[in-house]
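>>> Predicted coordinates and the sequence they were generated for:
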Amino acid sequence: MGMGMAPIGAEPQTVRLVRGILMIKPHSYIAQMGLLVSMACFFACNVSAGEWRVKSGLNVGEVYTDNVELDDSDKESKFISVVRPTFNLVGKGNRANVSFISSFEFNNSGSGADSFSPKISANADAELFEDVLFIDADLSSNQSTIDPFSAAGNSQLNKSDNVTTTYDYSISPYIVKHFGQTADLRLRYTYDDQINKGDELSDSVLQSVVATLQSGRDFSRLTWALTSDYQDTDYESDESSSGQDGSSEQWSNSLTLGYKLNRKFELKGTIGKEWNNYQTFDDDDTDDQFWDVGVVWTPNKRTTLDAGYGKHFYSTTPRFSLSHKTRKTTFSTSYTRSLSDTRSERSNPNVFSFSDSLRDQLSEQSQLTDSAIDELEQSVSQALFLNNNPTFRDQGVFVSELFESSFSVKGKRTTTTVYLRESKQIREDVDEDAVFTSTGVRLERKLSSKYTLNSRLTWDERKDQDGLTSDRTLWHLSLRRKLGARTAVSIAYSYGERDSDRVNDDYKENRVSLNFSIDL
């Protein structure tokens, strides 16, 4: 059933060799944590002589909800105590960089809810041997729904068994070799482990080897790249609840050419061959050639348009992305059609709702501005919302059609962001598809030197294979007051409402919270 792989003769020489290298999989949690601690110590030692910014805090609060079980027929109100320590570290050195942003929420919500909710967004990179050997590492954790079509609330505080915590870490060493000014070779290995709390979702490991030989500095107008990409995804359980094996194996070889017409326009084209090994619903041939042609337009440093059209074995693949920045505004919009899987959706890189400016500073490991530091501290001290990248409960591969757009305006005191995200997911292994739509508005207003007002309004719609839909509206409003140089207090109100085509799946919830925070 769609189990195509490399042609006879090619597999024993290439794929089997790579598969043999990837057999070592440290599933022992002790070994995994030991590896993470060792990596953290290594990066810390290499960045110790650089610039450090460390910030920790403690938040203590009380939450009242009038519908803790999200059951309109039998509402139950409850007071929930919350303790939320935070820890942020950003370090930049000559040969290593570290960024660790975290918030750990403890609560006494009781049975049916998780009393511990960690949110972590961390990444690090280091140069092990000058100009030759490098390493990247990432760590994240966030909360998301297990079944996207069932009620779950907007945070981990509700008594719901439809929420899980996903931990994801990856380690990626790579070698760089320069052939004078003519060509550059990069060989990268990546180990990515995803762990889901509980038994509802299967843990998985992704391993990949990517080799790229690309043009060097001698090629200014005409550029080229030869790429070979091998990926193996292995799930801990052999089958999902639908009876399908979600494990997959993918290998592709490609040639990419680029030609710069001038400083503003560049033409690009890619041709290649791919071999894929995973279960399919209708026995499609998953081995085929692929191609893509496109253009990149950069009229100035603030604007970039990248658009193209291609074809893979599963579909045509149109794509575009447009970004434009001014001193006060940021606009971005994009559309892609590509092959993805459920583990990729759960591994959400945007754990916290940071602005584009703050994300850029963290990703570039640059010196944080005062406004970025203030945004960072407020973001991690706020209530922890669920990850809003829904996907199927079962493990598996699907064709993803993703449209995203956002517009942000930053004034002297007010920052407003409007966004829209629609994800259409068409399964390859079973006859199932879904559409997930989310749109909203976020507003932050500095009323004075002591008072800050935050508000967000979101609307989500989820539609399954049978056309059954569920709509959820959430309004959140909070007021924060600085008490001193290191202390603050905030009060918040939120209203959530769900309207579903399914029986006994509607709810309304009012929530009030009071929170005290202190910088340690």
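Done, it's in.

>>> Once you drop chain neighbours, what's closest to Tyr189?
Nearest residue to Tyr189 in three dimensions, chain neighbours excluded: Val209, at 5.4 Å (Cβ to Cβ, 6 or more residues apart in numbering). (Each C-beta comes from the backbone N, C-alpha and C, glycine too.)

>>> May I see the buried residues of the strand or helix carrying the one you found?
Here Val209, judged by DSSP states H and E, is contained in strand 204-215. By 16 or more other Cβ atoms under 10 Å, the buried positions in strand 204-215 come out as 204-215.

>>> which other helices and strands contact that strand?
Counting contacts by 3 or more Cβ pairs under 8 Å, 6 or more residues apart in numbering; DSSP states H and E, strand 204-215 is packed against strand 183-196, strand 222-235.

>>> Kindly state which of the ones you listed is positioned closest to Val503.
Evaluated over the helices and strands packed on strand 204-215, closeness to Val503 peaks at strand 183-196, with 27.8 Å, by Cβ to Cβ.

>>> Check which strands are paired with that closest one and give the direction for each one.
Next to strand 183-196 in the sheet, as set by DSSP bridges, lie strand 163-179 (antiparallel), strand 204-215 (antiparallel).

>>> can I get the ones you listed in CSV with distance to Gln231 and mean pLDDT?
Below are the strands paired with strand 183-196 laid out as CSV (distance: least, Cβ to Cβ, whole Å; pLDDT from 0 to 100):
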stretch, distance to Gln231, mean pLDDT
strand 163-179, 13, 93
strand 204-215, 4, 96
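
>>> Throw these into a markdown table and include distance to Val132, thanks.
What follows is those, written out as a markdown table (distance: least, Cβ to Cβ, whole Å):
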| stretch | distance to Val132 |
| --- | --- |
| strand 163-179 | 6 |
| strand 204-215 | 16 |
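
>>> Which one, of these, ends up nearest to Asn389?
That would be, of those and by Cβ to Cβ, strand 163-179, which comes in at 10.5 Å.

>>> re the thing from before, of the strands paired with strand 183-196, which is nearest Leu226?
With Cβ to Cβ as the yardstick, what comes closest out of the strands paired with strand 183-196 is strand 204-215 (4.6 Å).

>>> List the contacts of that closest one.
The contact list for strand 204-215 (Cβ atoms under 8 Å, 6 or more residues apart in numbering) reads 18, 21-22, 25, 27, 182-194, 222-236, 246, 343, 395.

>>> Just the buried subset of those residues, please.
18, 22, 183-184, 186, 188-194, 223, 225-233, 235-236, 246, 343, 395.

>>> contacting residues around Glu345?
Counted by Cβ under 8 Å, 6+ apart, Glu345 has contacts 389-391, 423.

>>> Out of the helices and strands packed on strand 204-215, flag the one nearest Leu514.
Among the helices and strands packed on strand 204-215, strand 183-196 comes nearest to Leu514, with 32.4 Å by Cβ to Cβ.

>>> The closest one to strand 222-235, inter-axis angle?
Put simply, strand 183-196 runs at 20 degrees to strand 222-235, going by axes from the mean of the first three to the mean of the last three Cα atoms, to 10 degrees.

>>> Just the CA atoms of strand 183-196, as CSV, please.
Output in CSV follows, covering the C-alpha atoms of strand 183-196 (Å, rounded to 0.1, in the frame of the first residue of the first chain):
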residue,chain,number,x,y,z
ALA,A,183,31.6,25.2,-3.4
ASP,A,184,30.5,24.5,0.2
LEU,A,185,29.6,21.1,1.6
ARG,A,186,27.3,20.7,4.6
LEU,A,187,26.5,17.3,6.2
ARG,A,188,23.9,17.4,9.0
TYR,A,189,22.4,14.7,11.2
THR,A,190,19.3,15.4,13.4
TYR,A,191,17.8,13.4,16.2
ASP,A,192,14.4,14.6,17.3
ASP,A,193,12.4,12.9,20.1
GLN,A,194,8.8,13.8,20.8
ILE,A,195,7.2,12.6,24.1
ASN,A,196,3.5,12.9,24.9
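
>>> for the record, mean pLDDT for that strand?
Averaged over strand 183-196, pLDDT sits at 95.

>>> Off-centre distance for that strand?
With Cα atoms, centre = their mean, to the nearest Å as the basis, strand 183-196 stands 17 Å off its chain's centre.

>>> who touches it?
Contact with strand 183-196 is made by 32, 164-179, 202-216, 343, 346-347, as judged by Cβ under 8 Å, 6+ apart.

>>> swap in stretch 300-320?
Taking Cβ under 8 Å, 6+ apart as the rule, stretch 300-320 contacts 268, 270, 274, 276, 284-288, 290-298, 321-326, 334-339, 399, 428.

>>> Next SSE downstream of the helix or strand encompassing Ala307?
Using DSSP H and E, Ala307 sits within strand 303-311. With elements assigned by DSSP H and E, the helix or strand that comes after strand 303-311 is strand 319-325.

>>> so Glu345, which of the three states?
Applying DSSP: H, G, I helix; E, B strand; the rest coil to Glu345 yields a three-state assignment of helix.

>>> Extract the residue ranges of this structure that are flagged as low pLDDT.
Regions of the chain meeting the criterion pLDDT under 70 cover residues 1-50, 111-113, 238-245, 283, 348-349, 351-384.

>>> ok so, going back, show me just the buried residues among the contacts of stretch 300-320.
268, 270, 274, 276, 286-288, 290, 292, 294, 296, 321-325, 335-337, 339, 399, 428.

>>> hmm, back to that, between the strand holding Ala307 and strand 319-325, how big is the angle?
Using the same axes, to 10 degrees: strand 303-311 against strand 319-325 is 180 degrees.

>>> which parts of strand 303-311 are buried?
For strand 303-311, the buried set under the neighbour-count rule, 16+ other Cβ under 10 Å, comprises 304, 306, 308, 310.

>>> Would you mind pulling the contact partners of the strand or helix carrying Leu402?
Assessed by DSSP H and E, Leu402 sits inside strand 397-410. For strand 397-410, the external contacting residues (Cβ under 8 Å, 6+ apart) are 246, 248, 278, 314-315, 328-342, 355-356, 392, 415-429, 433.

>>> Show the buried residues in those residues.
Buried among the contacts of strand 397-410 by 16+ other Cβ under 10 Å: 246, 248, 278, 314, 330-332, 335-337, 339-342, 355, 392, 415, 417, 419, 421-429, 433.

>>> Among those, which ones are in strands?
Using DSSP state E, 248, 330-332, 335-337, 339-341, 415, 417, 419, 421-427, 433 are the members of the buried ones among the contacts of strand 397-410 that sit in strands.

>>> any idea how far Asn123 is from Ile171?
According to Cβ to Cβ, to the nearest Å, Asn123 stands 11 Å off from Ile171.

>>> Quick check: neighbours shared by these two?
136-137.

>>> how deep is Ala485 tucked in, by neighbour count?
Burial of Ala485 is recorded as 6 neighbouring residues (other Cβ atoms under 10 Å).

>>> In three-state terms, label it for me.
Note that with three-state DSSP, the state of Ala485 is coil.

>>> Next one: it from Leu447, what distance?
Ala485 sits at a distance of 19 Å from Leu447 (criterion: Cβ to Cβ).

>>> repeat for Leu520
When Cβ to Cβ is the yardstick, Leu520 and Leu447 sit 26 Å from each other.

>>> again with Ser204
46 Å.

>>> Ok, Thr86 next?
Distance, Thr86 to Leu447, using Cβ to Cβ: 24 Å.

>>> Compare neighbour counts for those two and give me the winner.
Using other Cβ under 10 Å, the more surrounded residue of Thr86 and Leu447 is Thr86, with 23 against 13.

>>> Same question for stretch 449-464: list its buried residues.
Quick answer for stretch 449-464 (16+ other Cβ under 10 Å): 452, 454-456, 458, 460, 462-464.

>>> After the strand or helix carrying Asp471, which helix or strand is next?
Assessed by DSSP H and E, Asp471 sits inside strand 469-482. Next along the chain after strand 469-482, taking DSSP H and E as the criterion, comes strand 487-500.

>>> Partner strands of that next one, with direction?
Partners of strand 487-500 in the sheet, by DSSP bridges, are strand 469-482 (antiparallel), strand 507-519 (antiparallel).
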